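>>> Structure for this input, please:
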Amino acid sequence: MSTLLSIRDLSVRYRRDGAAALKGVSVDVESGERLAIIGESGSGKSTLALAVAGLLARGAKVGGTIEWFGAHFQTPHSVTPPSIGGRDIGFVFQDPSSSLDPVMPVGKQIAEVARTHLDLSWRDSYAKAATLLERVRLPDPDATLRVYPHQLSGGQKQRVAIAAAIAAGPKLLIADEATSALDTIVQAEIVSLIRRLVAEDGMTLLFISHDIALAATLAERIAVLRQGELVELGDTDQILNAPRHAYTRALLDAHLGLDAKPLLDRQGAPA
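Numbering: from 1, shown residues only. Alright, predicted model coming up:
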C-alpha cells in the first residue's frame, strides 16, 4: 500500500482559552485501507474527521500538517483538503435527517453531486443517481428518486446519504458515527453496505465510532483517541486481543457484546 495522507502533530482548539480538542495527533492513512478511529464522546475523533475533510469551524485554531499524496493531491497541503469535498472526499454524517435537505427530493440531492463534480448533464446525473440507489440496496430506485427524506426510514435515509457521498467516486470515504443513530440490526446492514462499497470502488475508509466492537467488524486497523490524544494504534486483531493501553482495555471491558461471534465476523454478510 502507498500512503494517502500523513497527519503530523495535529492540534485543534475551538476557543482561544478553551481545552484542546486534539493534542499533537500523528497517524498515516494508507491508500485502500479501512481505519477506524474510536473513543468516547469528547475524545476528539469527530474533530479529527472534520479536520481531514476541511470542515472545521472557521474560528478553530489548528496546528500541525496533513500531507496528501496521489494523482489529484498536492503535498504538503497544510490542513486543507486537496480538492473539492465531494469529489476526492466523501463524508457520511451521523444524522441523515440533518445532512439531507428536507425540501428536496433525494434523487436531486444525489444527482447534484454528480453534476457538480463530474460535469454531467442533468439527465445523466439522474441516471447515475438511480444506479447509486440500486447499489445501496434501496427498492425501486426510479420511484425513490422522487421521494423526500421524511418519507424514508432512518436506515433508508442513511443509505441515500451514502449514495450521495460516493456519487463522484471519492478516493476517501469518511463515515462519522454513521450508524450510531440506528438500531442494532440496521447498524449491521449499514456497516456491511459500507464494507461492500469500499471494496468495490477501491476507496480508503475512515470509520469514526465510539463502538469498538462495531469498528472491529469493519476496520483493518484501529486508532484509539482519549481526551484529544492518540493513545493506541494497531491492527484490529492486536487491539482486540492484546491492547497495550489501559483505556483501550477499558473500552473492551465495557462492551458487553464484544464476545458475540456474529458481531465480530469481520467478513460480514452481503448488504
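
>>> in this structure, which spans are helices?
Using DSSP state H, the helices of the chain run over residues 45-53, 96-99, 106-118, 122-135, 141-144, 154-165, 184-201, 212-216, 236-241, 246-254.

>>> for the longest one, what is the average pLDDT?
What it means is helix 184-201. For helix 184-201, mean pLDDT rounds to 93.

>>> cool, and the third one?
In this model, helix 106-118 has an average pLDDT of 96.

>>> Equivalent analysis for the fifth one, please.
Averaging pLDDT along helix 141-144 gives 95.

>>> got the contact list for the nearest residue to Ser43 once chain neighbours are set aside?
Nearest non-adjacent residue to Ser43, counting by CB to CB, 6 or more residues apart in numbering: Leu225, 4.2 Å away. C-beta here means a position set from N, CA and C on the backbone, and glycine is covered the same way. Contacts for Leu225 (CB atoms under 8 Å, 6 or more residues apart in numbering) come out as 25, 37-39, 43-45, 48, 231.

>>> Now the buried members of those residues.
25, 37-39, 43-45, 48, 231 (16 or more other CB atoms under 10 Å).

>>> Now do the spatially closest residue to Ile110 that is not a sequence neighbour against Ala216, distance only.
In this structure, Ile110 finds its nearest non-sequential neighbour in Ala129, 3.9 Å apart by CB to CB, 6+ apart. For Ala129, the distance to Ala216 equals 33 Å [CB to CB, to the nearest Å].

>>> more crowded one of these two?
Ala129 (29 against 23; other CB atoms under 10 Å).

>>> contacting residues around the more buried one?
For Ala129, the contacting residues are 107-108, 110-111, 114, 145, 163, 167, by CB under 8 Å, 6+ apart.
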